[in-house]
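Engineer: Give me a model of this one.
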Amino acid sequence: MGLVSEFKTFAMRGNVMDMAVGIIIGGAFGKIISSFVNDVIMPPIGLLVGGVDFSDLKLVMKEAVMNGTEVVKPAVTLNFGSFVNTVIDFLIIAFAIFMMIKAMNNLKKKEEEKPAPAPVAPEPTAEEKLLTEIRDLLKKQ
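Structural biologist: Below is the predicted model:
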């Protein structure tokens, strides 16, 4: 089997296609959550703590070297505000995935709790039918 046909067989399996769709949707979901955190959640939190924009929070470790108005060497900064935004992104995404998995587990549990149909008694064999008839005849005598 050629390399190309092996790859085609691998790529067209259902699990690989499902995974690809999941990765694409997950990337889009991540962008939505990032926008939600940066544009909806963080501004009110920043307002509550004194009008701070978290994405701009940073610790300057070394000041920029300037020559008049020209930057010779940029400042070295520790951008912890972006890190805070990223952590909040992660927590929201993790919580959303947790809730989705919890819902799926509840559906599976409900499906498992359904009682199994009562097993149908097997039809007696010809020998058992004959023995039953003999028994009934003996009872009549």
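Engineer: Geometric centre of this protein: which residue is closest?
Structural biologist: Ile97 (4.1 Å; C-alpha atoms, centre = their mean).
Engineer: after the helix or strand hosting it comes which helix or strand?
Structural biologist: Counting by DSSP states H and E, the element that carries Ile97 is helix 80-113. Downstream of helix 80-113, the next assigned helix or strand under DSSP H and E is helix 126-140.
Engineer: That following helix: how far from the chain's middle?
Structural biologist: Taking C-alpha atoms, centre = their mean, to the nearest Å, the mean C-alpha location of helix 126-140 is offset from the chain mean by 63 Å.
Engineer: cool, and stretch 89-108?
Structural biologist: 6 Å.
Engineer: List the buried residues for that stretch?
Structural biologist: Asp89, Ile92, Ile93 (16 or more other C-beta atoms under 10 Å). For glycine as for every other residue, the C-beta is placed from the backbone atoms N, C-alpha and C.
Engineer: Name all residues that make contact with the second one.
Structural biologist: Neighbouring residues of Ile92 by C-beta atoms under 8 Å, 6 or more residues apart in numbering: Ile33, Phe36, Val37.
Engineer: Which single one of the residues you listed is nearest to Pro119?
Structural biologist: Each of the contacts of Ile92 was scored against Pro119 by C-beta to C-beta, and Ile33 proved nearest at 49.2 Å.
Engineer: Pull the number of nearby residues for the closest one.
Structural biologist: 18 (other C-beta atoms under 10 Å).
Engineer: Kindly report the same for Gly2.
Structural biologist: Gly2, neighbours per other C-beta under 10 Å, totals 7.
Engineer: mind checking how far it is from Phe10?
Structural biologist: 13 Å (C-beta to C-beta, to the nearest Å).
Engineer: for Thr125, same thing?
Structural biologist: 50 Å.
Engineer: what stretches of this structure score poorly on pLDDT?
Structural biologist: The model of the chain has pLDDT under 70 over residues 1, 14, 116.
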